[in-house]
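what shape does this take:
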Amino acid sequence: MDLLVYDAGTDSGATFTSDDVETSPQAAISMIVDAPLGNGIVITPAIGTVTFEQL
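Residues are numbered from 1 along each chain as shown. Coordinates of the predicted model:
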C-alpha cells in the first residue's frame, strides 16, 4: 500500500515550518500534491509503502 500525505485543513501557514495561521472556517481534508512532494496532480513517487502480512 502506498503512503500518501494529507492536509488536515486546519493551518494556513505558508510552509510546514512557518508560524501557525489558523484556517477559519477549516478546509476539507485533502491530499498534498504540490511541490516538493508531487507534480500538482499526484505525489511522485509515494513517500513510502506498507505491506500487511497475515500471520
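
need phi/psi at Asp7.
phi -100, psi 130 (degrees, to the nearest 10).

which residues does it bridge with?
As for beta bridges, Asp7 partners with Ser30 under DSSP bridges.

ok, it - contacts?
Shown in contact with Asp7 (Cβ atoms under 8 Å, 6 or more residues apart in numbering): Ala27, Ile29, Ser30, Met31, Ile32. C-betas here are computed from N, CA, C, even on glycine.

make it 7 Å
For Asp7, the contact set (Cβ atoms under 7 Å, 6 or more residues apart in numbering) comprises Ile29, Ser30, Ile32.

regarding the closest residue to Ala27 other than its chain neighbours, which helix or strand does it belong to?
Among residues not flanking Ala27 along the chain, Gly9 sits closest, at 3.4 Å (Cβ to Cβ, 6 or more residues apart in numbering). Under the criterion DSSP states H and E, no helix or strand holds Gly9.

from what I see, Gly9 and Met31 are in contact.
No: contact criterion Cβ atoms under 7 Å: Gly9 and Met31 do not qualify, at 11.4 Å.

who touches stretch 28-45?
Contacts with stretch 28-45, where a contact means Cβ under 7 Å, 6+ apart, come from Leu4, Val5, Tyr6, Asp7, Ala8, Gly9.

can you rerun that using 8 Å?
Residues contacting stretch 28-45 (Cβ under 8 Å, 6+ apart): Leu4, Val5, Tyr6, Asp7, Ala8, Gly9, Ile47.

next, format these as TSV and append pLDDT and distance to Gln54.
Shown next, in TSV, are the contacts of stretch 28-45 (pLDDT from 0 to 100; distance: Cβ to Cβ, whole Å):
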residue	pLDDT	distance to Gln54
Leu4	88	24
Val5	88	27
Tyr6	89	27
Asp7	86	32
Ala8	86	31
Gly9	84	35
Ile47	89	25
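
kind regards, and thank you for your time.
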